[in-house]
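**Q** here is the input, now give the coordinates:
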Amino acid sequence: MKKPKIKITVVKEDTGYSAKTLVNGNFIATGAETFEELNTMVLEAVNLAFEEKGFVYTIEEIQFEYDLESFFDFYKVINAKALSKRIGMNQSLLAQYIKGIKKPSVIQTKRILRGVQQIGRELTEVRFLL
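**A** Reported below is the predicted structural model:
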């Protein structure tokens, strides 16, 4: 059996964060108060689920998918006001999406994602004078 790819969904909860996935019939779920703790718990849960198969995962092998609230909570370095301006979205509306007050449509979610990914691509091209 080939080592399965792991894609895990992270959601912000009242008391922290939860993570869950279904891989080859194995339901894997865990939770933690912080993202740092969650990474540790996810790695332990995934490795425990595949222990009998002899698979060992690293955190880099696990793909995380976030809801907007979790993403912006974890990546505080991304300024929502600047992002809203960059993608041409009303700042108040983006803030409501981030806080979970409103749920964005698929189109709006993709628009936000494209903006964040563009920033990521630009950051990978940055060079500093040495």
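
**Q** residues contacting the helix or strand of the chain with the lowest mean pLDDT, please?
**A** Within the chain, confidence by mean pLDDT, DSSP states H and E is lowest for helix 68-74 among all helices and strands, at a mean of 89. If you take C-beta atoms under 8 Å, 6 or more residues apart in numbering as the criterion, helix 68-74 is touched by 10-12, 17, 35, 66, 78, 80, 97-100, 104, 109, 112, 116. The way it works is simple: take the backbone N, C-alpha and C, and place the C-beta from them, glycine included.

**Q** out of those, who's nearest residue 130?
**A** The shortest approach to residue 130 among the contacts of helix 68-74 belongs to residue 78, at 26.5 Å (C-beta to C-beta).

**Q** please report how far that closest one lies from residue 51.
**A** 36 Å (C-beta to C-beta, to the nearest Å).

**Q** more crowded one of the two?
**A** Higher neighbour count among residue 78 and residue 51: residue 78, with 14 against 10, using other C-beta atoms under 10 Å.

**Q** nice, that's everything, thank you.
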